[in-house]
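Undergrad: This is a predicted model, with the sequence first.
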Amino acid sequence: MKNLMEQMNEEVVRAFIACGYDGRYARVTVSNRPDLCEFQCNGALAAAKEYKKAPILMAQEVAEKLKDSAVFSAAEAVKPGFLNLKIQENCLADYLCRMMEEEDYGNEKTTQPKTILIDYGGPNIAKPLHVGHLRSAIIGESIKRMGRYAGHQMIGDVHMGDWGLQMGLIITELEERKPELSYFDENFQGEYPKEAPFTISELEEIYPTASGKSKEDEAYKERAMQATYELQHGRRGYGALLNHILNVSVTDLKKNYKNLNVSFELWKGESDAQPYIPAMVQKMKDDGFAYISEGALVVDVREETDTKEVPPCMILKSDGASLYNTTDLATIVERMQDWHPSEIIYVVDKRQELYFTQVFRCARKTGLVDGDTKLTFLGFGTMNGKDGKPFKTREGGVMRLSALLEDINEEMYKKISDNQTMSEAEAKETAKVVALSAVKYADLSNQASKDYIFDMERFTSFEGNTGPYLLYTIVRMKSILNKYEQTGKSTEGKTILPADSESAKALMLELSRFHGMIAAAFDELAPHKVCAYLYDLANAFNHFYHETKILAQEDEERQAGYIKLLQLCRGIMETCIDVLGFSAPERM
């Protein structure tokens, strides 16, 4: 479906051409002075030099050609050469009616769908998710959904930290506690138990204990490093333990991510990249890219245009051990082999930008990616407390993600319980839905790269630019629609009527902006633009609601038109919040 802006552009292009001017100057934009007009065209100002003519005279000529337009109700030339435009109410109403008839409200999918892999999540095995994992999960999930809505094949990979010293520490501590387990007997040839020798709670306690010991006991650390080496070189019992660690951890991670309404198509970890490392390293050597520097194997990734120093990308340490760089590069090899994506997007802390610059340059220089595969770094800022520092518990520790969600659920439950029209079970379920909107919208409404302050009181408010405010607006629409349905009336065969008030037209104009909005936001990897649209749309609806008698409207044709308008508004708002990764309850 051709969007409204395209229709207006075509109309103004015809007018420019009819006046003898090049149509490329006839670009219509949303007005930056909504008190004066709804849309504007500044083409006469740009074209004046070419045609050696006063821009106001050119604008007046174009305005005259638009006098009897079926698209514009007003076209006025204003000094020094602006063209102020207002859209016809009939044209706008017809456009919204067509939106309601089309799939996805007429929002066209991309004509060039791509396979895009998005790396987000980044949890560490055997460690609980904490608030530091929140932004990656929320931003990554929304971008994946935006891309899918735009028509691309989106593949989300959690990319877990399941390799390295942390595994050796867990194995070492477990051996101290349960040395009789068959996993530690190098001569054991039988089948290992199917059940893990620990629970997730025990596992989450084992790692910090082992980490603490390794900092105080050098011999303990040496044992952990040896266990890590043996694991990475195929010791059978340790490999079986790693599988147990992964199974127990992933089960718990899936449960926690589900509470955030976040899901992944791939549950890959660093360990999955290990088989690709030897051949990758050998090729880098054979092709002359990798060389020894101070005992380590590195690839130079400097470029002549660099204004800051970009150190070489280290591939192997002096003892031959791999690093994060090695694993990330090998993961690119695996992804190219399995998926051949057009783009790989990394949603990570913005402080890792230099690291990913090294990895991306190394991957390109050594031919790990095709020339047409895009590698994109999307760095996000930190979620801070009211003191402006990274969010902590009252005791000063890193807060578990589950604890943060519980606190917000409890706060929402208190507010919803004040309603006193719901059962306790319904209030608790509704609180979870609304609390998730509070968390996600609070994060996504900010530009991803910026830090933001987490203010529970403000984010859980039903007023202002918050998730609960948006959901309250949707629930208000649902309530009106339900009451209309209960009267026995039907909108069958009815249409959205031309606006009969300024607030109705403002709402209709906001709805017309939906087309292309999500695709444009995805192109910029900017979920905050979907949030900004949602907030504007909610405000426009509430203004219309407060100024309009909807259920009390005596003219049934007019009332049915209002109801059709509400149905479209609810559908578009629910589509947008689904793209952001949350939903609306039936009532609040």
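TA: Ah, there it is.

Undergrad: so where do the strands sit in the stretch 451-588 of the chain?
TA: Here the stretch 451-588 of the chain has its strands, by DSSP state E, counting those that start in this stretch, at 452-453.

Undergrad: quick one: low-confidence ranges for it?
TA: Of all residues in the stretch 451-588 of the chain, none has pLDDT under 70.

Undergrad: That one: helices as residue ranges?
TA: Here the stretch 451-588 of the chain has its helices, by DSSP state H, counting those that start in this stretch, at 456-459, 467-486, 502-512, 517-523, 527-547, 556-580.

Undergrad: Over to the stretch 101-250 of the chain?
TA: Secondary structure of the stretch 101-250 of the chain (DSSP H, counting those that start in this stretch): helices at 134-149, 165-177, 200-216, 218-232, 236-259.

Undergrad: what angle do the longest one and helix 200-216 make?
TA: This means helix 236-259. Helix 236-259 and helix 200-216 are oriented at 120 degrees to each other (axes from the mean of the first three to the mean of the last three CA atoms, to 10 degrees).

Undergrad: Give the buried residues for helix 236-259.
TA: 237-238, 240-242, 244-246, 248-250, 252-253, 256-257 (16 or more other CB atoms under 10 Å). In short, each C-beta sits where N, CA and C put it, glycine included.

Undergrad: and the closest residue to Leu537 other than its chain neighbours, what does it touch?
TA: Distances taken as CB to CB, 6 or more residues apart in numbering put Glu510 closest to Leu537, at 4.7 Å, once the chain neighbours are dropped. Residues in contact with Glu510 (CB atoms under 8 Å, 6 or more residues apart in numbering) are 533, 536-537, 540.

Undergrad: one more time with 6 Å, if that's ok
TA: The neighbours of Glu510, taking CB atoms under 6 Å, 6 or more residues apart in numbering as the test, are 536-537, 540.

Undergrad: picking that back up, just the closest of the buried residues of helix 236-259 to Pro527, please.
TA: Comparing the buried residues of helix 236-259 against Pro527 with CB to CB places Tyr257 closest, at 17.7 Å.

Undergrad: Spatially central residue in this protein, please.
TA: For the chain, the residue nearest the mean C-alpha position is Ser142 (2.7 Å; CA atoms, centre = their mean).

Undergrad: Quick check, that residue in contact with Leu580.
TA: Yes. Taking CB atoms under 6 Å as the definition, Ser142 is a contact partner of Leu580 at 5.2 Å.

Undergrad: burial of Asn187, as a residue count?
TA: Neighbour count of Asn187, defined by other CB atoms under 10 Å: 5.

Undergrad: repeat for Leu85
TA: The tally of other residues near Leu85 (other CB under 10 Å) stands at 25.

Undergrad: Kindly report the same for Asp319.
TA: Residues lying near Asp319 (other CB under 10 Å) number 9.

Undergrad: Would you confirm that Ser512 contacts Leu4?
TA: Yes. Between Ser512 and Leu4 there is a contact at 4.6 Å, judged by CB under 6 Å.

Undergrad: ok, these two, which is more surrounded?
TA: Comparing Ser512 with Leu4 by neighbour count (other CB under 10 Å), the higher total belongs to Leu4, at 24 against 17.

Undergrad: what does the model give that one for pLDDT?
TA: The model reports Leu4 with a pLDDT of 93.

Undergrad: ok, it - contacts?
TA: Residues in contact with Leu4 (CB under 6 Å, 6+ apart) are 95, 512.

Undergrad: I'd like to know how far it sits from Lys505.
TA: Distance from Leu4 to Lys505, counting by CB to CB, to the nearest Å: 13 Å.

Undergrad: And Glu6, by the same measure?
TA: 20 Å.

Undergrad: distance from the centroid: which residue in the protein tops it?
TA: Asn187 (49.6 Å).

Undergrad: Now that one, what are its backbone angles?
TA: phi -90, psi 0 (degrees, to the nearest 10).

Undergrad: What separation is there between Asn384 and Ser512?
TA: According to CB to CB, Asn384 and Ser512 sit 38 Å apart.

Undergrad: With neighbour numbers in mind, choose between Glu6 and Lys505.
TA: Shown here are Glu6 and Lys505; by other CB under 10 Å, Lys505 has more neighbours (20 against 13).

Undergrad: What's the local residue count around the closest residue to that one other than its chain neighbours?
TA: Sequence neighbours aside, Ala499 is the residue nearest to Lys505 in space, at 3.7 Å (criterion: CB to CB, 6+ apart). Close neighbours of Ala499, defined as other CB under 10 Å, add up to 22.

Undergrad: among the helices of the stretch 101-250 of the chain, which is nearest Met280?
TA: helix 218-232 (15.5 Å).

Undergrad: So what's the residue count around Lys365?
TA: 16.

Undergrad: What ranges in the stretch 201-350 of the chain fall below the confidence cut-off?
TA: Within the stretch 201-350 of the chain, not a single segment meets pLDDT under 70.

Undergrad: just the buried residues of helix 236-259 now: which is nearest Ser271?
TA: Leu242 (7.0 Å).

Undergrad: separation between that closest one and Met160?
TA: Applying CB to CB, the value for Leu242 to Met160 is 12 Å.

Undergrad: Can you give the contact residues for stretch 40-54?
TA: Against stretch 40-54 from outside (CB under 6 Å, 6+ apart): 12, 21, 25-26, 28-29, 31, 55, 58-59, 81-84.

Undergrad: In those residues, find the pair that's most separated.
TA: Tyr21 and Ser31 (21.3 Å).

Undergrad: Please identify which of the helices of the stretch 451-588 of the chain is closest to Glu195.
TA: The closest of these to Glu195 is helix 556-580. By CB to CB, the value is 38.8 Å.

Undergrad: so what does the closest one touch, helix or strand wise?
TA: helix 134-149, helix 467-486, helix 527-547 (3 or more CB pairs under 6 Å, 6 or more residues apart in numbering; DSSP states H and E).

Undergrad: How far off centre is that helix?
TA: When distances are taken as CA atoms, centre = their mean, to the nearest Å, helix 556-580 is centred 24 Å away from the chain's centroid.

Undergrad: swap in stretch 59-77?
TA: With CA atoms, centre = their mean as the basis, stretch 59-77 stands 41 Å off its chain's centre.

Undergrad: Buried residues in it, which are they?
TA: Buried, per 16+ other CB under 10 Å, within stretch 59-77: 59-63, 65-66, 69, 71-72, 75-77.
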